[in-house]
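1. coords please:
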Amino acid sequence: MSDRPRLLPLLGATRHGSRDAMTCLYRCGNACDHPVPNTSDNAYFGDVVGAEVSRRGVVRAGAVGALVLGFGGAAAGALAGAAPAAAAPAAAAPAAPVVPEGAGFGRPSGGVGSGALTFKPVPPNTLDTFVVPNGYDHAVVIRWGDPVVPGAPEFDLHGQTAAAQAKQFGYNNDFVGVLPLDGRGQRVLLVVNHEYTNEDLMFPGFTGQDALTVEQLRVAMAAHGMSVVELERVEGTGQWRPVTKGRRPYNRRITALATKFELTGPAAGSAALRTAADPKGRTVVGTLNNCAGGVTPWGTVLSGEENFNQYFVGGDGAPEADKPKLARYGITTTARYPSGSRKWERADERFDLAKHPNEANRHGWIVEIDPFDPESRPRKHTALGRFKHEGANVIVAASGHVVAYMGDDERFDYLYKFVSDKKFMKGNSWVARRHNLTLLESGTLYVAQLEQTSAGEIDGSGKLPADGAFNGRGRWIKLVSGNRSYVDGMTAADVLTFTRLAGDKVGATKMDRPEDVEPSLLTGKVYVALTNNTDRGKAGKPAADEANPRNLNKHGQVLELVEDRGDNSAETFAWSLPIVCGDPTDPSTYFAGYDKGAVSPISCPDNVAFDATGNLWISTDGNALGSNDGLFATAVEGPERGHLKQFLTVPVGAEACGPFITGDNRSVFVAVQHPGEISGASVEKPASNWPDGDYAKPGVVVTWRLDGGPVGS
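-> Numbers count the residues shown, from 1 in each chain. The predicted model follows:
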């Protein structure tokens, strides 16, 4: 008899596609209600390719965070064993972090698939709580409004101010990174993105964006950005908690309100990035809609600016020559942006493009911050291109060059990678750190084109082709290298600032919302979360193809890329679909050929990460199967490849973000984003009371095994 969890009915939530309408409004400005920004006539992929719930899980909420973190093993995700080097000297800077002996910067050690996933899967559910497997526990590490910067006031729901929020943990946490701070395993730095705000659920008495005061708008701006928080281990336990005493020199808030960013790379200083407030085009105020990210081998954090378009109005007043560029990035050019407008132009006129036409061009980049140098200025790297970045994840190629993989989260947009000009310098010296901090400032940017394989065999039902797999070949098309453009009619600065247009010109493959893209540091293989695309197969839209084998695709799939010769800097690759998501009882699903009677249902893959033994962990956003979102894990090598199991679920209305698995495989961090975000909910009438039993608050949670063993096994 199969132990595969059965689907449970969803508590009443009005869905907009696979998300609630409230999430669509605040997350992306109702992007699906607007025309697809990509109107190019280059080939769509279809044309190219084939013409029981744990008691502990219910009762633990509101506790201070926990984690068991060892630094002798390889870290998960983009870090994968890479401990940060010491921070560069700065006036009044805190002491440099101690690099753990043997942590290293390379790929993690140990055999691929050596960590068997033996936990009993959590069943799909609609409980308003955080559910983990039997034998596990969890705790909230930090939540919206908790203090970050020393001197931060206690959170006051009815008396919020921008000044207070700029010292407190921001709203709607997404990316999570955990970096070791000492060699004894007693301190870490938690680095978190704050993607967007939901004023319906933030301000009592909310009646609409237009009724917000300027101060409330500024609160929202301060609730965006990032947080760096020092954590300490609770003596004698597997838990960690935020440090609350002493200097806490690393703690920091980065906001959309006032933080200054330095532009780097070939497009910095170009005409399209200059404004009246910044005539040199090199300093940007704020970061917007930060989604996923990654930890670099040199101990910095990358963050992707995603749906930045919804923050700007006045595109109708832009010069006619600029309107196609604005429209390609989803900025309305015929009338002021409708319901999705943040109304931030009322608090800061730079968000009105009629007055400041280039301001939008200064957002949509990959951001890099150095959590070990709180005096350092964050940077926006133009060499990695400008689009709706889900995030960026880095691997060091065999040649020593750094390779960053990125997805553009839009229907029918593209998959990218960047290869650095300079090589990664090993070691923890000041010289190596200074050198590595420049690696993302210059290099070659590519866009993916996937090539034909089983033409004529894909009928939109999800039926496998004759060769028994969804697979094919592909190549990376060079867009720009350093200051040299490879796109006719576009300068290097043009290509980097208007990267979507460059991808259109060279015939890049239109994909189904490529979100998180993560290389395995054990195998070098690359995994892409293709979340969904319900436009697939509609009239006038591309039909199913081998990489998107179902029409009206509402559940998504996971793409695997294998670079030729195992070289991540190669220009050609093979691709396959190891997972086609949905209810395993649906014949259109696929789990790498594994017995579907033993796997968990999954819908809408969003973020991906790896543990130290190479298992793939997948978080979901917008579960279209009628149950709460969650976190899943599967082997990607060996006989258990495709044996997908649900590890946890998040509360009602929430999305599971992050995730981050610590290097010793003993803890899993997850960001619970937008709990209770269901149409009609408010502070006074919450749809969720997670985590504290009153009104909903986004927060970061850590899960660990009660016996102290490795998670998953």
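
2. in terms of helices and strands, where is the residue nearest the centre of the chain?
-> The centroid of the chain falls nearest to A292 when counting by C-alpha atoms, centre = their mean (1.8 Å). A292 belongs to strand 290-295 when elements are defined using DSSP states H and E.

3. and the helix or strand just after that strand with strand 290-295, angle?
-> Going down the chain from strand 290-295, the next helix or strand is strand 301-305, by DSSP H and E. Here strand 301-305 runs at an angle of 160 degrees relative to strand 290-295 (axes from the mean of the first three to the mean of the last three C-alpha atoms, to 10 degrees).

4. which parts of the stretch 601-713 of the chain are helices?
-> For the stretch 601-713 of the chain, no helices are identified by DSSP state H, counting those that start in this stretch.

5. burial measure for the closest residue to Q209 other than its chain neighbours, as a count.
-> Using C-beta to C-beta, 6 or more residues apart in numbering and skipping residues adjacent in sequence, the residue nearest Q209 is K343, 4.6 Å away. From N, CA and C alone the C-beta is placed, and that goes for glycine too. K343 is flanked by 20 other residues according to other C-beta atoms under 10 Å.

6. so who does K343 touch?
-> Listed by C-beta atoms under 8 Å, 6 or more residues apart in numbering, the contact set of K343 reads 209-210, 212, 217.

7. which of these count as buried?
-> With burial judged by 16 or more other C-beta atoms under 10 Å, the buried subset of the contacts of K343 is 209, 212, 217.

8. from these, which ones fall inside helices?
-> The helices, defined by DSSP state H, take in L217 from the buried ones among the contacts of K343.

9. what is the nearest of the buried ones among the contacts of K343 to L450?
-> Set against L450, the nearest of the buried ones among the contacts of K343 by C-beta to C-beta is Q209 (40.3 Å).

10. pLDDT at the closest one, what is it?
-> Q209 carries a pLDDT value of 91.

11. that one is in contact with E199, isn't it?
-> Yes. Using C-beta atoms under 8 Å, Q209 is in contact with E199, at 6.6 Å.

12. hmm, back to that, from the buried ones among the contacts of K343, which is closest to D545?
-> Nearest to D545 among these is Q209, at 39.7 Å by C-beta to C-beta.

13. identify the residues contacting that closest one.
-> Applying C-beta under 8 Å, 6+ apart, one finds that Q209 lies in contact with 199, 341-343.

14. what about the residue nearest to the centre of the chain, distance to K554?
-> 21 Å (C-beta to C-beta, to the nearest Å).

15. the stretch 351-500 of the chain: helices as residue ranges?
-> Going by DSSP H, counting those that start in this stretch, the stretch 351-500 of the chain shows helices at 430-436, 492-497, 499-505.

16. can I get those in JSON lines with mean pLDDT, mean neighbour count and distance to D621?
-> JSON lines is the format used below for those (pLDDT from 0 to 100; neighbours: other C-beta atoms under 10 Å; distance: least, C-beta to C-beta, whole Å):
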{"stretch": "helix 430-436", "mean pLDDT": "96", "mean neighbour count": "17", "distance to D621": "32"}
{"stretch": "helix 492-497", "mean pLDDT": "98", "mean neighbour count": "24", "distance to D621": "28"}
{"stretch": "helix 499-505", "mean pLDDT": "97", "mean neighbour count": "25", "distance to D621": "22"}
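
17. indicate which one of these is closest to F203.
-> helix 499-505 (34.6 Å).

18. report all helices and strands that that closest one contacts.
-> For helix 499-505, the packing partners by 3 or more C-beta pairs under 8 Å, 6 or more residues apart in numbering; DSSP states H and E come out as helix 323-328, strand 443-450, strand 471-481, helix 492-497.

19. just send the ones you listed back as CSV, with distance to F308 too.
-> Output for the helices and strands packed on helix 499-505, formatted as CSV (distance: least, C-beta to C-beta, whole Å):
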stretch, distance to F308
helix 323-328, 12
strand 443-450, 19
strand 471-481, 21
helix 492-497, 13
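
20. quick one: closest of those to R433.
-> strand 443-450 (18.9 Å).

21. sorry, back to before: out of the helices and strands packed on helix 499-505, flag the one nearest N251.
-> When the helices and strands packed on helix 499-505 are compared by C-beta to C-beta, strand 443-450 sits nearest N251, at 32.3 Å.

22. and the closest one, what does it pack onto?
-> Against strand 443-450 (3+ C-beta pairs under 8 Å, 6+ apart) you get helix 45-50, strand 415-423, strand 471-481, helix 499-505.

23. which parts of the stretch 51-200 of the chain are strands?
-> With DSSP state E, counting those that start in this stretch as the criterion, the stretch 51-200 of the chain has strands at 136-143, 173-180, 187-194.

24. can you give me how far the last one is from the chain middle?
-> Spelled out, that is strand 187-194. Put simply, strand 187-194 sits 14 Å off its chain's centre (C-alpha atoms, centre = their mean, to the nearest Å).

25. same question for stretch 538-548.
-> 26 Å.

26. how about residues contacting that stretch?
-> By C-beta under 8 Å, 6+ apart, the list of residues contacting stretch 538-548 from outside reads 44-50, 412, 450, 453-454, 457-462, 465, 470-472, 510-512, 530, 533, 535-537, 550-553, 557, 559, 575, 577.

27. separate out the buried members of those residues.
-> For these, a burial check counting by 16+ other C-beta under 10 Å picks out 44-46, 48-50, 412, 450, 453-454, 458, 460, 462, 465, 470-472, 510-512, 530, 533, 535-537, 550-551, 553, 557, 559, 575, 577.

28. where does pLDDT dip in the stretch 101-250 of the chain?
-> Applying pLDDT under 70 to the stretch 101-250 of the chain flags residues 101-115, 236-238.

29. do a quick rundown of the helices in it.
-> Counting by DSSP H, counting those that start in this stretch, the helices of the stretch 101-250 of the chain are 162-165, 214-223.

30. deepest of those helices, which one?
-> Highest mean neighbour count of these: helix 214-223, a mean of 23 (counted as mean count of other C-beta atoms under 10 Å).
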